[in-house]
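Visitor: no sequence on this one, just coordinates:
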C-alpha cells in the first residue's frame with residue numbers, strides 16, 4: 001500500500017491526476033481490479049475509517065510542542081488536503097497548537113517543491129531563513145526544506161541514517177536542543 005501510495009501521490013504532485021483520482025488509482029492497483037469510480041470510492045472510504053481509528057500522537061509530540069510553545073510559532077505543511085489535515089489535527093486535539101495549516105491540494109504545489117515551503121513561510125509571515133521544518137521523509141521534507149532556504153530537520157524515528165548532509169534527529173525530544181540555545 002505504501003509503495004502504491006508513493007507512486008500515485010507522485011502522479012498527483014506532477015499534475016497527472018487530481019486528488020480523488022490518485023485515491024481511486026491506488027485502490028485499483030492495490031486490489032488489482034478494474035473498479036468503477038463509485039466502487040473505488042466506497043473501498044477507500046472503508047480504508048479511511050480504519051486508518052483514522054488508528055490515529056495517535058507519538059509520545060514525544062506534546063512535550064516538544066510544550067517546550068517550544070514560548071518563543072516559537074508553529075505551522076503545518078502537508079502534502080494532503082486541508083480537509084484531511086484539519087480533521088486529523090482536531091481529532092488528535094492539537095489543531096489549536098498550530099497557527100497555520102497549509103496543504104498541497106489547495107496550493108497546487110507539494111513538497112519537495114520550494115513553492116510549498118515558501119507558502120508555509122508566508123502563512124506565518126516569516127522568511128525561509130527564520131523557519132525550521134521537521135519531517136519524516138529525508139528528501140521530501142528535510143532536503144526539500146533546505147533547498148527552499150529553510151532549516152530542514154529529518155525526523156528519523158526508524159534510525160535509517162545514511163544522510164550525513166541532513167540535520168537528523170531520532171525523536172522530537174531532541175528538537176528543542178537544536179532550536180533553543182543552551183543557557184550558561
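Guide: Structure's in. What do you need? Values in this document were obtained by computation on a predicted structure and should not be read as measured data.
Visitor: Tell me where the protein has strands.
Guide: For the chain, applying DSSP state E gives strands covering 75-78, 100-103, 132-135, 151-155, 167-169.
Visitor: Can you list the strands that the third one pairs with?
Guide: In its sheet, strand 132-135 lies beside strand 151-155 (parallel), with partners assigned from DSSP bridges.
Visitor: can you list the domain ranges for the chain.
Guide: With domains defined by automatic domain parsing, the chain comprises 2-53, 61-179.
Visitor: nearest spatial neighbour of residue 64, skipping sequence neighbours?
Guide: Spatial nearest neighbour of residue 64, excluding adjacent residues (Cβ to Cβ, 6 or more residues apart in numbering): residue 172 at 3.8 Å. All C-beta spots, glycine's among them, are computed from the backbone N, C-alpha and C.
Visitor: how far away is the one you found from residue 70?
Guide: 17 Å (Cβ to Cβ, to the nearest Å).
Visitor: got it, and residue 117?
Guide: According to Cβ to Cβ, residue 117 and residue 70 sit 25 Å apart.
Visitor: Quick check: the residue nearest in space to the middle of the chain vs residue 67, distance?
Guide: Residue closest to the average C-alpha location in the chain (Cα atoms, centre = their mean): residue 78, at 3.9 Å. Per Cβ to Cβ, residue 78 is found 23 Å from residue 67.
Visitor: give the contact list for the residue nearest to the centre of the chain.
Guide: Residue 78 sits next to 84, 85, 101, 102, 103, 104 when contact means Cβ atoms under 8 Å, 6 or more residues apart in numbering.
Visitor: Mark which of those residues are buried, thanks.
Guide: Neighbour-count burial within the contacts of residue 78 applies to 85, 101, 102, 103, 104; the criterion is 16 or more other Cβ atoms under 10 Å.
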